[in-house]
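Undergrad: no sequence for this one, just the structure:
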């Protein structure tokens with residue numbers, strides 16, 4: 001077994017599991033998880049991966065064309081590699097329902113495996129010519145600034161600052177970029193660099209810190225006008241940095257630079273913060289490339305692709321080298337999509353860009369003695385970049401931060417019989433601990449419960465825990481009246497100890513709780529509060545006798 005699940009959080013385990021293709025090894029990992037932490041979320045991840053390969057082993061003949069929709073058939077035939085099976089399915093469909101969408105899907109899969117009869121190169125046709133029957137109001141505004149046969153090198157990392165200091169996600173990205181480019185050098189034999197980008201006012205002093213976290217080169221640009229983030233100005237400066245001398249869409253007066261000899265970066269990383277999301281989208285659009293947003297996993301490897309849009313010819317396969325694989329969580333939190341930014345036969349897409357969710361990677365230990373190069377970028381700011389003037393600013397109330405507390409008490413729809421009393425009990429239980437905070441489920445946020453004024457503040461959305469709320473990992477998590485929907489689960493599953501209270505003994509939350517108390521929260525919470533105040537709390541006894 002190459003992977004010990006106990007060494008990974010749920011967020012880290014997802015991308016790692018997706019790289020394992022040996023079903024026996026996956027089963028070993030599942031057994032290790034059951035024998036160890038036995039986390040429901042982790043088991044779900046591993047079981048989903050196992051089911052994928054078990055499904056691949058099933059006989060292709062199980063495809064029932066009469067019962068399946070065109071979309072289901074399209075998904076199914078993608079995994080069939082046997083030409084005879086596909087030909088049989090095509091013949092069956094043509095003899096019965098003969099749906100054009102289905103026959104096209106099967107035929108396309110056949111062509112990708114054996115090549116089309118013609119084997120002709122697909123000709124590039126502009127959209128307005130390919131579909132003349134459609135209205136193209138933006139046909140004359142095509143924003144294509146991609147290079148033709150460009151030269152790309154290095155991984156650029158935009159290092160965001162707040163209050164004059166690097167934020168943690170900037171350090172995370174530098175550390176991850178350092179590891180990827182070290183592996184890149186071993187795999188491809190080319191020593192490409194990590195390039196940190198600092199834009200703002202008084203940011204050059206942070207260059208040494210960027211180098212200590214993994215940068216080989218730090219490109220800086222500082223002006224008093226850039227003290228606060230201005231998306232147009234920051235975008236223009238970053239893109240000017242990214243385009244080398246002689247770039248067809250760059251400045252005419254751009255001079256040669258000794259430290260670089262390429263047109264644009266090969267890769268670009270940005271923080272998935274408010275400002276980082278804004279900047280990443282605009283920079284990648286201006287450079288006419290793509291962006292994978294909110295990523296939590298990154299790695300570089302080659303890929304064999306057969307998509308005609310990417311390889312020029314039906315049935316042809318092509319190996320794309322040095323591809324940045326950008327993993328991002330799907331809505332369920334249990335599955336991950338991997339985004340690739342690949343060139344087309346007639347278009348080059350660089351930099352391959354991603355924004356990174358804060359907390360996805362560890363902040364590395366700085367190495368103060370690391371050496372690097374600091375480059376001061378030279379560009380004149382344009383007044384048109386500052387059409388919005390910031391005359392004053394204030395710091396917004398950050399709201400309630402549920403993270404970092406030893407205990408979190410969470411309330412759900414179970415308070416519905418008496419919402420105000422239920423909230424009062426939650427507050428009382430929270431106050432009984434030294435370091436605790438009160439959270440709620442989405443069920444309360446979206447409900448129409450009528451709370452008395454003195455507890456109404458605790459029903460605010462800022463206290464929501466779950467996929468669309470806060471993610472907490474306290475030492476102790478007490479869930480009262482919460483059913484355990486997956487959207488809530490992903491927000492608290494990494495808690496050390498989980499106690500749940502529910503009148504339904506079959507509630508989903510029991511599957512991933514350390515202690516499950518079957519009972520009414522209006523009866524159980526007062527007993528917990530009393531036990532805490534007396535210093536006599538016995539969780540085992542409470543869980544065993546909660547319904548008494």
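TA: Here it is on my side, so go on. Just so we're clear, the structure is a prediction, and the values are computed from it rather than from any experiment.
Undergrad: whichever helix in the chain runs longest: which residues count as buried?
TA: In the chain, assigned by DSSP state H, the helix with the most residues is helix 168-188. Using 16 or more other CB atoms under 10 Å as the burial criterion, the residues of helix 168-188 that qualify are 169-178, 180-181, 184. From N, CA and C alone the C-beta is placed, and that goes for glycine too.
Undergrad: now do stretch 266-285
TA: Buried residues in stretch 266-285, defined by neighbour count with 16+ other CB under 10 Å: 266-273, 275-285.
Undergrad: give the contact list for residue 107.
TA: Going by CB atoms under 8 Å, 6 or more residues apart in numbering, residue 107 touches residue 90.
Undergrad: in strands, which of the buried residues of stretch 266-285 fall?
TA: Here DSSP state E is the test, and the buried residues of stretch 266-285 give 266-271 as lying in strands.
Undergrad: how confident was the prediction at the nearest residue to residue 282 once chain neighbours are set aside?
TA: In space, and not counting its chain neighbours, residue 282 is closest to residue 235: 4.3 Å by CB to CB, 6 or more residues apart in numbering. Per-residue confidence for residue 235 comes out at a pLDDT of 96.
Undergrad: how many other residues sit next to residue 235?
TA: Per other CB atoms under 10 Å, the neighbour tally for residue 235 reads 22.
Undergrad: before we move on, what about residue 448?
TA: 5.
Undergrad: from residue 182, how far out is it?
TA: 55 Å (CB to CB, to the nearest Å).
Undergrad: cool, residue 367 as well?
TA: Look at residue 367 and residue 182: by CB to CB, they are 13 Å apart.
Undergrad: over to residue 213?
TA: Residue 213 sits at a distance of 14 Å from residue 182 (criterion: CB to CB).
Undergrad: swap in residue 353?
TA: According to CB to CB, residue 353 stands 21 Å off from residue 182.
Undergrad: kindly report the same for residue 452.
TA: Distance of residue 452 to residue 182, given as CB to CB: 59 Å.
Undergrad: mind listing the strands for the stretch 101-250 of the chain?
TA: In the stretch 101-250 of the chain, the strands defined using DSSP state E, counting those that start in this stretch lie at 152-158, 161-162, 165-166, 194-200, 217-222.
Undergrad: indicate which one of these is closest to residue 262.
TA: Within the strands of the stretch 101-250 of the chain, the stretch nearest residue 262 is strand 152-158; the backing value is 4.3 Å (CB to CB).
Undergrad: sheet partners, orientation included, of that closest one?
TA: strand 194-200 (parallel), strand 264-271 (parallel) (DSSP bridges).
Undergrad: for the residue nearest to residue 471 when sequence neighbours are not counted, give me its contacts.
TA: Taking CB to CB, 6+ apart, and ignoring the residues beside it in sequence, residue 471 has residue 491 as its nearest neighbour in space, at 4.9 Å. For residue 491, the contacting residues are 465-467, 469-472, by CB under 8 Å, 6+ apart.
Undergrad: ditto for residue 156
TA: Residues in contact with residue 156, defined by CB under 8 Å, 6+ apart, are 195-197, 242, 265, 267-269, 351.
Undergrad: at 10 Å instead, please
TA: Residues in contact with residue 156, defined by CB atoms under 10 Å, 6 or more residues apart in numbering, are 177, 193-197, 215, 217, 219, 238, 241-242, 264-270, 283, 351, 353.
Undergrad: quick one: which of the contacts of residue 491 is nearest to residue 316?
TA: Using CB to CB, residue 467 is the member of the contacts of residue 491 that sits closest to residue 316, with 40.7 Å.
Undergrad: that closest one reaches residue 488, doesn't it?
TA: Yes - because the distance of 7.7 Å satisfies CB atoms under 10 Å, residue 467 is recorded as touching residue 488.
Undergrad: longest single strand anywhere in this protein?
TA: Of all segments of type strand in the chain, defined using DSSP E, the longest is strand 318-329.
Undergrad: Provide the strand pairings for the helix or strand just after it, with the direction of each partner.
TA: Towards the C-terminus, the helix or strand next in line after strand 318-329, according to DSSP states H and E, is strand 336-339. Listed by DSSP bridges, the sheet partners of strand 336-339 and their directions read strand 318-329 (antiparallel).
Undergrad: tell me the angle the strand it pairs with makes with helix 168-188.
TA: Between the direction of strand 318-329 and that of helix 168-188, the angle (axes from the mean of the first three to the mean of the last three CA atoms, to 10 degrees) works out to 160 degrees.
Undergrad: pLDDT wise, what is the nearest residue to residue 94 once chain neighbours are set aside at?
TA: For residue 94, the nearest residue in space outside its immediate sequence neighbours is residue 103; the separation is 6.2 Å by CB to CB, 6+ apart. Confidence at residue 103, expressed as pLDDT, is 84.
Undergrad: wait, doesn't residue 103 sit right on residue 74?
TA: No - in this structure, residue 103 is not within contact of residue 74 by CB under 10 Å, at 11.3 Å.
Undergrad: please identify the buried residues of stretch 151-158?
TA: Counting neighbours by 16+ other CB under 10 Å, one finds that the buried residues in stretch 151-158 are 152-158.
Undergrad: would you map the helices across the stretch 251-400 of the chain?
TA: Listed from the start of the chain, the stretch 251-400 of the chain has helices (DSSP state H, counting those that start in this stretch) covering 274-286, 308-311.
Undergrad: can you tell me which of the contacts of residue 491 is nearest residue 406?
TA: The closest of the contacts of residue 491 to residue 406 turns out to be residue 472 (CB to CB; 11.0 Å).
Undergrad: now do the strands in the stretch 401-548 of the chain.
TA: For the stretch 401-548 of the chain, applying DSSP E, counting those that start in this stretch gives strands covering 407-411, 436-440, 476-480, 497-502, 515-518.
Undergrad: show me what the fourth one is packed against.
TA: When contacts are defined as 3 or more CB pairs under 10 Å, 6 or more residues apart in numbering; DSSP states H and E, strand 497-502 sits against strand 407-411, strand 476-480, strand 515-518, helix 521-534, helix 539-544.
Undergrad: and it, what's its mean pLDDT?
TA: If you average the pLDDT over strand 497-502, you get 95.
Undergrad: that strand to helix 521-534, inter-axis angle?
TA: Relative orientation of strand 497-502 and helix 521-534, computed by the same axes, to 10 degrees: 140 degrees.
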